[in-house]
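In: Fold the following.
(chains A and B)
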Amino acid sequence: MVLLRGPIFLTKSPEYCQVGVGMGYRILDHTADIGVEVHGATLADLFSQAAFALVDLLTDRASLTVEAERIIRVEGADLEDLWINYLREILYQFNGESFLLKDIPEIKFSELSLEASLRGAPYNPCRHTIKTEIKAVTYHRAEVKQTPAGWQGVFIVDV
Amino acid sequence: MLKKIDDCRWEVPMTGGMKVPGIIYTSERLLKDMGSDESQKQVANVAHLPGIVKYSLAMPDVHWGYGFPIGGVAAFDMDTGIISPGGVGYDINCGCRLMTTRLAYDEIRDSIKELVTALFQNIPSGVGSKGDLKLSVNEEKKVLAEGSGWAVRQGFGTPEDLETTEDGGRMEGADPEKVSDRALERGREQLGTLGSGNHFLEIEIVEEIFDPIAAAAFGLELTQVVVMIHSGSRGLGYQVCDDYLARMVKHSGELGFPLPDRQLACAFLKDRRGQDYYAAMAAAANYAWANRQMLMHWTRETFEKTLKKGPRDVGMKLLYDVCHNIAKIETFPVDGKELQLCVHRKGATRALPPGHAALPPAYLKVGQPVLIPGNMGTGSYVLVGTEKAYTDTFGSACHGAGRVMSRTQAMKAGKGRSIHREMADLGVTVMASGRGTLSEEMPAAYKNLDEVVAVVHRAGLAQKVARLRAVGCIKG
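Out: Next up is the predicted model:
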């Protein structure tokens, strides 16, 4: 499956980010950590939105420029596992590789693996403000399901 | 439904697949704070895991985590039990150290701002903060194998510091080869950094002494200046947890029992996967000890330089260093027999009784210092371990105040307020690198520390020794 998408506009520090009908995410209340509920019209939408939610928590994604491109490949034991492994990989791009994600032009799914091309910028402490340190994406209450409107997913990050 | 046992303990009765009951140490007042909190369910979930011994415990600062609750303690049989990265937490060996000084409050009262500014400059803090060192992978592996001892060998502190560090600042069984390349890479530039979130370095004053004998043994006296450091294993520890959780989730089908929550993913202690995690976790624990040792060294230097006093006059001495996110092989009485167990403490502090072999000679008569950091402005507590904790809670007590407000709630509550100024009005000079950190960490976001400590004291898990009041604080 190939999905191409246009630019998406998000508000800063969103309570709820609506980017189109049935698409976007909102922050869920969780005592120690941050939960995110994500919606997408398609599975690729859902996965893109989830990555954007994660980066929005980290930094002001809107102000990022595209300076580099990379591809990630992720596998999972089932869809839920793929969901979390993918988000773990997105987070590692920043935590381990100092890469801040701006956009995802394409996500290709096959069975229980995916290949996503990422566009973004190398992290530069002089230019980019990091709002929150995210330690990890957890498996706690992780969820991906199909709804009448499309797809819905939940993940919780440890901050 | 919770069943009240006495004024300090509530039971989570056994239902469904629970192998043991749960016990929550709390009070009527703190129970109200728990409200719809999921932590009770999490205490019950932990009780489902194989080899769990006696009960699934929660300390009074318990709050909703992921998998295991934060403030949870659970011990597992070495033959039939499991080890779980989620039962330790991402920040492996997150912990506290407290240093005493020869200074009285009056001597530094006018220098607090200067001290806080200098500490803020000399101690790298903030999100993903990098230190001045960039270790080679080989050198980093030495840190992982040797812990605080490595730091002391490099000149960060003295051998005496090791005597008053839990486990001497080095956990047995650490194997750097079990730590992934990703974790090593993340750890290379972060050694000697405070981090962000609830991590801090605080200048505190001894405000009240409850137990003069233990206080004297710990070297604490009224109006004395002390310093508390709260930090952990940084990105290296997060990555170790993340790596092994994923590995255990992948193989969870082989465990032979269903997991109530994937975050409880685990491996049997006897199996290779369990042993590999233990070896990697111990290595991350050693990294954390080396980290806190270095932070302490720079604190010493900063005090001496800023106050223009020699090391003897400042006299900064390590009272104790405890970890509160760890799984350890320890021996405790079970049904009248001493049994070796794997004790998980996720947001809980070890609290050993007087006479325990693991104590440094100076504390043998009184028991282990239990350091309970508060949150900005509320100060901290020093307690001492008891026999009761040894028999009832696998030698464990609480680790802090515990959150009541989510971070988003705290941000909302802090909107339009200058938490900075509010802290100053309380007499605390604060410097923080993060924009949101101050709001997220505002005092109202936490349970009442006095109440949490009162429950631990009343339940006899640890006895109050002294209360410390914050006067200066740096946060990430």
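In: Look up which residues are beta-bridged to residue 24.
Out: Let's take chain A. A:Gly24 has the following beta-bridge partners by DSSP bridges: A:Gln18, A:His39.
In: could you do chain B instead?
Out: With DSSP bridges as the rule, B:Ile24 is bridged to B:Trp10, B:Ala58.
In: Please apply the same query to B:Gly72.
Out: With DSSP bridges as the rule, B:Gly72 is bridged to B:Ala58, B:Lys346.
In: mind listing what it touches?
Out: Listed by C-beta atoms under 8 Å, 6 or more residues apart in numbering or on different chains, the contact partners of B:Gly72 are B:42-43, B:46, B:56-59, B:62, B:65, B:87, B:344-348. Every C-beta, even on glycine, is put in place using the N, C-alpha and C of the backbone.
In: Looking at chain A, which residue is nearest chain B?
Out: Across chain A, no residue is closer to chain B than A:His140, which sits at 3.2 Å (C-beta to the nearest C-beta).
In: For that residue, list the residues it contacts.
Out: Applying C-beta under 8 Å, 6+ apart, the residues near A:His140 are A:156, B:65-67, B:261-263.
In: Residue numbers of chain A in contact with chain B?
Out: A:27, A:29-34, A:77, A:80-81, A:84-85, A:88, A:92, A:95-96, A:129-133, A:135-136, A:138-142, A:156, A:158-159 (C-beta under 8 Å from any C-beta of the partner chain).
In: If any of these are buried, put those into a ChimeraX selection.
Out: Buried members of these, identified by 16 or more other C-beta atoms under 10 Å in any protein chain shown, are gathered into one ChimeraX selection as follows:
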select /A:27,30,31,32,33,34,77,80,81,84,85,88,92,95,96,130,131,132,133,135,136,138,139,140,141,142,156,158,159
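In: coming back round to it: per-residue confidence at the residue of chain A closest to chain B?
Out: As predicted, A:His140 sits at a pLDDT of 88.
In: Who's the closest spatial neighbour of it, skipping the chain neighbours?
Out: Closest residue to A:His140 apart from its sequence neighbours, by C-beta to C-beta, 6 or more residues apart in numbering or on different chains: B:Tyr66 at 3.2 Å.
In: So among the contacts of A:His140, where is pLDDT lowest?
Out: B:Gly65 (75).
In: circling back to that earlier point, what's the burial count for the residue nearest to A:His140?
Out: For B:Tyr66, the number of neighbouring residues by other C-beta atoms under 10 Å in any protein chain shown comes to 28.
In: circling back to that earlier point, pick out the most distant pair among the contacts of A:His140.
Out: Using C-beta to C-beta, the contacts of A:His140 span at most 13.8 Å, a distance reached by B:Gly65 and B:Arg262.
In: quick one, which of the two is more surrounded?
Out: Neighbour totals were compared for B:Gly65 and B:Arg262, and B:Gly65 leads with 27 against 22 (other C-beta under 10 Å).
In: can I assume the more buried one is in contact with B:Gln42?
Out: Yes: if you go by C-beta atoms under 8 Å, B:Gly65 and B:Gln42 touch, sitting 6.8 Å apart.
In: mind checking the SS state of the residue located most distally from the centre of chain A?
Out: Within chain A, A:Cys126 marks the point farthest from the mean C-alpha position, 23.9 Å out by C-alpha atoms, centre = their mean. Secondary structure assignment for A:Cys126 (DSSP: H, G, I helix; E, B strand; the rest coil): coil.
In: Show the contacting residues for B:Glu221.
Out: So, once contact is read as C-beta under 8 Å, 6+ apart, B:Glu221 ends up touching B:206, B:209, B:215.
In: hmm, back to that, the helix or strand where the residue of chain A closest to chain B lies pairs with which strands?
Out: Here A:His140 sits within strand A:136-147, counting by DSSP states H and E. Counting by DSSP bridges, the strands paired with strand A:136-147 are strand A:150-158 (antiparallel).
In: contact partners of the strand it pairs with?
Out: So strand A:150-158 is contacted by A:22-23, A:28, A:30, A:32-43, A:45-46, A:50, A:54, A:57, A:83-84, A:87, A:91, A:134-138, A:140-146, B:66, B:90, B:238 (C-beta under 8 Å, 6+ apart).
In: mind listing what the closest residue to chain A within chain B touches?
Out: Nearest residue of chain B to chain A: B:Tyr66, at 3.2 Å (C-beta to the nearest C-beta). B:Tyr66 makes contacts with A:33, A:138-141, A:156, A:158, B:86, B:261, B:263, as judged by C-beta under 8 Å, 6+ apart.
In: Can you add distance to A:Leu118 and give those residues back as TSV?
Out: TSV is the format used below for the contacts of B:Tyr66 (distance: C-beta to C-beta, whole Å):
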residue	distance to A:Leu118
A:Asp33	24
A:Thr138	22
A:Tyr139	23
A:His140	25
A:Arg141	26
A:Ile156	22
A:Asp158	22
B:Gly86	28
B:Asp261	30
B:Gln263	26
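In: ok, the closest residue to B:Gly149 other than its chain neighbours - contacts?
Out: Leaving aside its sequence neighbours, B:Gly149 sits nearest to B:Arg170 (C-beta to C-beta, 6+ apart; 5.6 Å). The contact partners of B:Arg170, by C-beta under 8 Å, 6+ apart, come to B:146-149, B:162, B:286, B:289.
In: Filter those residues down to the ones in helices?
Out: If you go by DSSP state H, the contacts of B:Arg170 have B:146, B:148-149, B:162, B:286, B:289 in helices.
In: which of those sit farthest apart?
Out: It's B:Leu162 and B:Asn286 that sit farthest apart of those, by C-beta to C-beta, at 12.1 Å.
In: So between these two, which is more surrounded?
Out: Taking other C-beta under 10 Å, B:Leu162 and B:Asn286 do not tie; B:Asn286 has more neighbours (28 against 22).
In: any idea how far B:Gly147 is from that one?
Out: To B:Gly147, B:Asn286 is 3 Å away according to C-beta to C-beta, to the nearest Å.
In: what sits in contact with each of the two?
Out: Residues touching both B:Asn286 and B:Gly147 (C-beta under 8 Å, 6+ apart) are B:169-171, B:174.
In: Isn't B:Ala401 up against B:Asp61?
Out: Yes: using C-beta under 8 Å, B:Ala401 is in contact with B:Asp61, at 5.8 Å.
In: Show me whatever sits in contact with both of those two.
Out: Counting by C-beta under 8 Å, 6+ apart, the shared contacts of B:Ala401 and B:Asp61 are B:447, B:452.
In: Check the secondary structure at B:Arg109 for me.
Out: Classified using three-state DSSP, B:Arg109 is helix.
In: Give me the neighbour count for it.
Out: Counted with other C-beta under 10 Å, B:Arg109 comes out at 11.
In: could you measure it against B:Gly472, distance?
Out: From B:Arg109 to B:Gly472 the distance is 11 Å (C-beta to C-beta).
In: ditto for B:Arg272
Out: Computed with C-beta to C-beta, the distance linking B:Arg272 and B:Gly472 is 48 Å.
In: same question, B:Ala362
Out: B:Ala362 is 28 Å from B:Gly472, by C-beta to C-beta.
In: more neighbours, those two?
Out: Counted by other C-beta under 10 Å, B:Ala362 and B:Gly472 do not tie: B:Gly472 has more neighbours, with 26 against 13.
In: My read is that that one contacts B:Val116, right?
Out: Yes: counting by C-beta under 8 Å, B:Gly472 touches B:Val116, with 4.2 Å between them.
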